[in-house]
Each structure stands twice: as C-alpha cells, then as structure tokens.
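A.B. asks: missing the sequence, but the structure's below:
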C-alpha cells in the first residue's frame, strides 16, 4: 500500500520510491571509494524527498531544508576537511530552516511544560548534546571547535522546536536526526582509526539519517 493516492504509478509514490531505492543503493556503496556515482546516489535520496515535498505542495521551508540537506550530502560524500566544513555549513543551514519550519507549525515552548513527556524529552536532548560537545571539545582541533559547537546548538534547537509540534512523525524524525549526528560525530572524531566499530556505525548513521528525513517529510505531507 502506497502512502499517496493513485498507486505506484502516481508521481508522488514514484518519487518516494525513487528516493528509497537511491537510499538502498547508497547503503550498498557505503564502503566503496568516493566517486561521482556514489555522490549522485547519496544526494538523490534526499533530493527526491525535496522534489516530493514540492510536488505535494508541502511547506517551502521543508523543501528548502531537504534541498540544503542534499547539498550537505554531496559535500560529505567526499573526504577532506574542506568538504567536511562545506557539509557542516549546509546542514547547519538545514537545521536553522527546520527550526523555522517547526516553530511555524508548533504551539510554542509552553507545550514542553504542559505535557511532561515533551519536557522530559527536551531535557534528554539537552543532556545528549552537552555530553557530545564535552567529548568532542577535547578531541577536535581548535579550528573546528566553534563550528561544531554552533552546529550542536542548532541540532538542539531543531530537536526542541520539533517537540512543540503535534506531529509525532516529525518528533520521531528529529530524535533520529540527533541520533544519526551523534553516531557520525562519534565515528569521525572519537573512535580510533582502526576501530572495528566504524563499519556498523557508518551504516547506522545512514539508516538513521534517511529515516529521519523521511519521517519529517511524511509528517508534513501526510496530514
């Protein structure tokens, strides 16, 4: 059963399927050396979600956040510090746009105290980012500390602003996004270069990240 009317031949369902197939193909190519086809596949997975959001008349901020995420994926599909900083900047912009989107769709920070589970989850998010920042601060070079701190602050703002919405899929997507970023930071900066844990972490990062973007997208489109 497809999520949008019209069956698999409908444009919306076909676009969603293209996105999912690209995500699966990239998962199989994760350990291959960086090359243009690998970059294109990774970028396409989220770019198709941006196209889907535009086709279905989703919020422009959602389209923009997904588009910026796709740009970030293109940067991070290659190795190197410049590429990493380009990806960091793209995802920082995406998180800021997501914050604007969630605030626009949400009911305000008062919901965090009105419903205890939201407040508890917000505190858990804050604790998570504080632990990650403390761990990363000691391990990254001085030139990366401020950019990473700003990015972590944006992640927290994204997560908390998602908690102000009434969209459970969006909240789940924000939690998955934070988990993915946490694993990515751990794999990139905290593990030894020869650690066997890197293998499963790379796959987990991609699965959590794609699931996060998919959940947020469908959370806004399936209303």
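C.D. replies: Cool, got the structure. On a predicted model such as this, the values are computed, not experimentally measured, just so you know.
A.B. asks: So which residue is smack in the middle of the protein?
C.D. replies: Centroid-nearest residue in the chain, with CA atoms, centre = their mean: residue 177, separated by 4.4 Å.
A.B. asks: and that residue, what are its phi and psi?
C.D. replies: Main-chain dihedrals, residue 177, degrees, to the nearest 10: phi -60, psi -50.
A.B. asks: Contact partners for it?
C.D. replies: 155, 158-159, 208-209, 212-213, 216 (CB atoms under 8 Å, 6 or more residues apart in numbering). Every residue, glycine included, has its C-beta placed from N, CA and C.
A.B. asks: what about 10 Å?
C.D. replies: Applying CB atoms under 10 Å, 6 or more residues apart in numbering to residue 177 gives the contacts 69, 91, 94-95, 98, 155, 158-159, 162, 208-209, 211-213, 215-216.
A.B. asks: Ok, residue 12 next?
C.D. replies: Residues in contact with residue 12 (CB under 10 Å, 6+ apart) are 2-6, 51-53, 55-56, 221.
A.B. asks: just so I have it, where are all the helices in the chain?
C.D. replies: Along the chain, the stretches classed as helices by DSSP state H are 11-29, 36-55, 60-76, 81-105, 110-114, 116-139, 142-162, 168-185, 197-221.
A.B. asks: which stretch among these comes nearest residue 191?
C.D. replies: Among the helices of the chain, helix 197-221 comes nearest to residue 191, with 5.8 Å by CB to CB.
A.B. asks: Which other helices and strands does the helix or strand of the chain with the lowest mean pLDDT contact?
C.D. replies: Lowest by mean pLDDT, DSSP states H and E among the helices and strands of the chain is helix 110-114, with a mean of 88. Counting by 3 or more CB pairs under 10 Å, 6 or more residues apart in numbering; DSSP states H and E, the packing neighbours recorded for helix 110-114 are helix 116-139.
A.B. asks: mind checking how far the helix it packs on is from the chain centre?
C.D. replies: How far helix 116-139 lies from its chain's middle: 17 Å, per CA atoms, centre = their mean, to the nearest Å.
A.B. asks: so how far is residue 14 from the residue nearest to the centre of the chain?
C.D. replies: To residue 14, residue 177 is 26 Å away according to CB to CB, to the nearest Å.
A.B. asks: How many residues are close by residue 63?
C.D. replies: 22 (other CB atoms under 10 Å).
A.B. asks: For it, which residues are in contact?
C.D. replies: 49-57, 97, 101, 217.
A.B. asks: Please tell me how far the residue nearest to the centre of the chain sits from residue 146.
C.D. replies: Distance, residue 177 to residue 146, by CB to CB: 22 Å.
A.B. asks: Same question for residue 191.
C.D. replies: From residue 191 across to residue 146, the span is 23 Å (CB to CB).
A.B. asks: Residue 162 too?
C.D. replies: Distance, residue 162 to residue 146, using CB to CB: 25 Å.
A.B. asks: So for those two, which sits in the more crowded spot?
C.D. replies: Neighbour count, other CB under 10 Å: between residue 162 and residue 146, residue 162 has more, with 30 against 9.
A.B. asks: wait, doesn't that one sit right on residue 106?
C.D. replies: Yes: the pair formed by residue 162 and residue 106 meets the contact definition of CB atoms under 10 Å, at 7.9 Å.
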